Structure formats: structure tokens, C-alpha cells
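Colleague: 3D, please:
(one chain, ligands or ions: 2)
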Amino acid sequence: MLNKLTPGDMLVWLGEKDPRKLEELFREARACAIEHVGPKVYFRGIVELGNICAKDCAYCGIRSGNTRVKRYQMTIEEILAAAREAFEMNYGSVVLQAGERQDEAFLLLIEEALQGIKALSGGKLGITLSLGEQSAETYERWFRAGGHRYLLRIETSDPALYRQLHPADHSFDARLACLRSLKRIGYQTGTGVMIGLPWQTHENLVSDILFFERENIDMIGMGPYIPHVDSALPKSVTDKYDAQENFRLGLVMIALTRLFLKDVNIAAATALQAIDPTGREKGVMAGANIIMPNITPVKYRGDYQLYAGKPCLDEDPRKCSGCLELRVRNAGAEIGYGEWGDPVHFLRKKKTAKECK
Ligand code: SAH
Ligand code: SF4
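Modeller: Ligands and ions are numbered 1, 2, ... in the order given. As a prediction, this is how the structure comes out:
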């Protein structure tokens, strides 16, 4: 049995290559998940509702500087139809994700989508937003309209590395301030990083896990970095990419985060599946308890390529969900259909806050 991990232990595990030792770590992490958040895996259907983005993050395929992308924005009817489909498939929650837009038409579209999803599901569908950096007023407005979880990856907790991967007007401090304002407003707050980024060290990854703890984060969504052909990163840098190594690190990060933080929700990122066809199930077996099946209309999927090789590009959501369900069951986990699967960490924090009043 592993005792409480130290940063030094985590560093050693990040360098571990022996498959038998790694299996032991993953088994331990899965047992920790079962003990602290239960045996179930929760599905959150993700709607990639638009690829118009004001930002120009160097690694991302839909960054504003990439002129080769055909831009789209789903209508309110299309968003509600996708959410209805998730509800009919008995998913507990949906995630609304998109490139970053701060114009009033977009803010209103999201507000209406939130109200519409609440109405069509009689309040039963949980809703996570993943719409980038916004003002505190916007976060409050969307919270009032029914959003109760928000995912905003910090991408890396190292400000210097953050600067290397973003244009000068993208600010690490502003992103951190957004995370803090989401928490203050009352969202279940999620963050995460990309794993195997250019210039990233194992020490950076250990600091990322300590960052999650320090910021009292409820949900973690992190996955391997995968280069995109139209990224703004130099070819000499993206050529060093090692898919299998990033995959290994991705699973080790899930396991270490589970063992270190215990009661948070951890997603098995789709990027894992872009590298290995059973990547998300392996993520669950390494301690993750959330999977986000893609419920974006098939006609838009090809235009939401954040990285190369995103899986299920031409799959109908219903078929996609069927095969995923089977594969998760085969991996030995149960699916929490129709349940919100709130992070135990958040519920515990809320209880403690009440008791202290
Ligand atoms: N625009 C929003 C949400 C969409 S991007 C935001 O940035 O928060 C969602 C996530 O995709 C980002 O947080 C980033 O971590 C991930 N991503 C972007 N490019 C990637 C790449 N090349 N490889 C792996 N993940 C990537
Ligand atoms: Fe836009 Fe998000 Fe991609 Fe950055 S990571 S360019 S904010 S979609």
C-alpha cells in the first residue's frame, strides 16, 4: 500500500517505465477512486458548440490565427437538440464547450441554452460550461441561468511555460483570477493541464498536481498534448513529440492526482483515445471517474480539431455511446446513468462551510 505521496515520490513515478510497476500504481489508484468517489463512471455528453475563438494559443488547432479552419457556430435549436439527445440517452449531464467569445450575442446564446436545457430536462440534466475566460459578471449571469460546473484548464501551472505557449496578450494571472472567481460564485470548479507539452518537465507536472490542491479544485480534466499541423509552434519543437510517452505520462498523472487528492472528479480525456483506441477506459482503470462522450452533430466535428486524430469523427452519438458503454463495462466499471455524479470534494467543502457558519 502506498502512503501519502510526497512530491519526490510523484517525480519518481513520472519517470517509471516498468509496465508491472505501473500496473500496480494504476490498480492502487482505481481502488482509491472506488473508496473515495465510488465505483461508478459518469457520462457528460460534450457539445462542441462553436469553433470561433478570439484567442491564439500556440498549440491549438482552432486558434484565431489558423486561417485554414472553417468556422461554425451552432444555433440554439441545434444545441438544444443535442442536449435532448443526451437526456434521452440517460446521460446525467452535458458539457457546453467552444472557442472563446465574449460578445453579447454569444453570452445571450449561452444564457438561453442553459435555460432551455433546464426546461427540456425538467432540471434533471447537469450542465458544465467550458467557454474560456469571461468577466465575473458573465460567470454570474450563466450561474443564475443554470450552469453549475465550469472547466477552465490552467494548461500549465508554470507561468514561464505558459508565456512560452501563448502570445504576449494571453495572461496566466488573468486565467487564475477567472478560476478563483468561478469558485467564489459557487461553481463546481474544474481545471487541468496538457501533459507532455513542449519544454514541460516532470517537475512542472508535480507542481501542477500541487496547484490543484492549493487552489482547492473539485474536478480535473487533463490529457496528453497532441500536436496540430497548423499550430504556431516551431516544427523543430513539435517533431520531438512522442505519442506513447505522452500517453504513459497521461495515465500516470491521472493515477497520481487520484492518490494525492482522493475525492475529486477526474475525467479520462478524449485525447487519451486519440492515441490509444481504448485510452479512455485505461484512464478509468488508472483512477478517472468521468467520461465525456462527444454529442456534437457529426457535420461539425471535423471543424473542431483542437489536435490531430480526434476519435469518433464520423460516428453517430448513439452508436458512439453504445460502444463506449460496452468498453467501459468490459474494463470492469459501472456507469452512473441519469446521475449528476457531483464531485465528493465539492459536497464536502460545502458541508464544512455550513458547519463553520
Ligand atoms: N476555449 C476553451 C475551451 C475549448 S479548448 C478554453 O480554452 O478553455 C479546450 C482544451 O483543449 C484546452 O483547455 C486545451 O487544454 C485543450 N487543447 C487545445 N489544444 C490541444 C492540443 N494540441 N493537444 C491537447 N489538448 C489541447
Ligand atoms: Fe481558443 Fe481554447 Fe483553443 Fe485557446 S485552447 S485557441 S482559447 S479554443
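Colleague: look up phi and psi at the residue of the stretch 251-357 of the chain found nearest ligand 1.
Modeller: With Cβ to the nearest ligand atom, the shortest gap between the stretch 251-357 of the chain and ligand 1 falls at Tyr307, namely 3.6 Å. Heads up, the C-betas are built off the backbone N, CA and C, glycines and all. Main-chain torsions, Tyr307, degrees, to the nearest 10: phi -150, psi 170.
Colleague: equivalent analysis for Glu213, please.
Modeller: phi -70, psi -50.
Colleague: before we move on, what about the one 5 residues further on?
Modeller: With angles defined as degrees, to the nearest 10, Asp218 sits at phi -90, psi -30.
Colleague: can you pull the contacts of the closest residue to ligand 2 within the stretch 201-350 of the chain?
Modeller: Ligand 2 sits closest to Leu306 of the stretch 201-350 of the chain, with a gap of 5.9 Å, by Cβ to the nearest ligand atom. The contact partners of Leu306, by Cβ atoms under 8 Å, 6 or more residues apart in numbering, come to Cys60, Gly61, Ile62, His228.
Colleague: quick one: which of the residues you listed is most hemmed in?
Modeller: Scoring the contacts of Leu306 on neighbours with other Cβ atoms under 10 Å, the highest-scoring entry is Cys60 at 24 neighbours.
Colleague: list the buried residues of stretch 137-147.
Modeller: Neighbour-count burial for stretch 137-147 flags Thr138, Tyr139, Glu140, Arg141, Trp142, Phe143, Ala145, Gly146, Gly147 (criterion: 16 or more other Cβ atoms under 10 Å).
Colleague: does the stretch of helix or strand Phe43 belongs to reach ligand 2?
Modeller: Assigned by DSSP states H and E, Phe43 belongs to strand 40-50. No - Strand 40-50 lies out of reach of ligand 2 by Cβ under 6 Å from any ligand atom, never closer than 9.6 Å.
Colleague: ligand 1 contacts on the stretch 251-357 of the chain?
Modeller: Within reach of ligand 1 by Cβ under 6 Å from any ligand atom, the stretch 251-357 of the chain has these residues: Ala271, Leu306, Tyr307.
Colleague: Val328: which of the residues you listed is nearest?
Modeller: Ala271 (17.4 Å; Cβ to Cβ).
Colleague: got the contact list for that closest one?
Modeller: By Cβ under 8 Å, 6+ apart, the contact list for Ala271 reads Gly223, Pro224, Tyr225, Ile226, Gly250, Gly279, Tyr307.
Colleague: same question, Ala83
Modeller: Residues near Ala83 by Cβ under 8 Å, 6+ apart: Gly45, Val47, Val94, Ala113, Gly116, Ile117, Leu120, Ser121, Leu125.
Colleague: the strands in this structure, which residues?
Modeller: 40-50, 93-98, 126-130, 149-151, 188-191, 194-195, 219-224, 265-268, 290-291, 334-335 (DSSP state E).
Colleague: adding mean neighbour count, write the ones you listed out as JSON lines.
Modeller: JSON lines is the format used below for the strands of the chain (neighbours: other Cβ atoms under 10 Å):
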{"stretch": "strand 40-50", "mean neighbour count": "25"}
{"stretch": "strand 93-98", "mean neighbour count": "25"}
{"stretch": "strand 126-130", "mean neighbour count": "23"}
{"stretch": "strand 149-151", "mean neighbour count": "26"}
{"stretch": "strand 188-191", "mean neighbour count": "26"}
{"stretch": "strand 194-195", "mean neighbour count": "26"}
{"stretch": "strand 219-224", "mean neighbour count": "27"}
{"stretch": "strand 265-268", "mean neighbour count": "28"}
{"stretch": "strand 290-291", "mean neighbour count": "28"}
{"stretch": "strand 334-335", "mean neighbour count": "16"}
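Colleague: dump the residue contacts of the residue positioned nearest the centre of the chain.
Modeller: Nearest to the geometric centre of the chain sits Gly221, at 3.2 Å (Cα atoms, centre = their mean). Residues near Gly221 by Cβ under 8 Å, 6+ apart: Leu151, Arg153, Gly190, Thr191, Gly192, Ile266, Ala267, Ala269, Ile290.
Colleague: got the residues of the stretch 51-200 of the chain near ligand 2?
Modeller: By Cβ under 6 Å from any ligand atom, the residues of the stretch 51-200 of the chain that approach ligand 2 are Cys53, Lys55, Cys57, Cys60, Ile62, Arg63, Gly99, Glu100, Gly132.
Colleague: give me every residue that touches the fifth one.
Modeller: With contacts defined as Cβ under 8 Å, 6+ apart, the neighbours of Ile62 are Asn51, Cys53, Val69, Gly99, Asp303, Tyr304, Gln305, Leu306.
Colleague: low-confidence regions, the stretch 1-150 of the chain specifically.
Modeller: For the stretch 1-150 of the chain, residues meeting the criterion pLDDT under 70 lie at 1-3.
Colleague: hey, where'd the helices end up in the stretch 201-350 of the chain?
Modeller: Assigned by DSSP state H, counting those that start in this stretch, the stretch 201-350 of the chain shows helices spanning 202-214, 235-238, 243-261, 270-275, 279-285, 298-301, 317-330, 344-356.
Colleague: weakest of those helices by average pLDDT?
Modeller: The minimum mean pLDDT among the helices of the stretch 201-350 of the chain belongs to helix 317-330 (a mean of 72).
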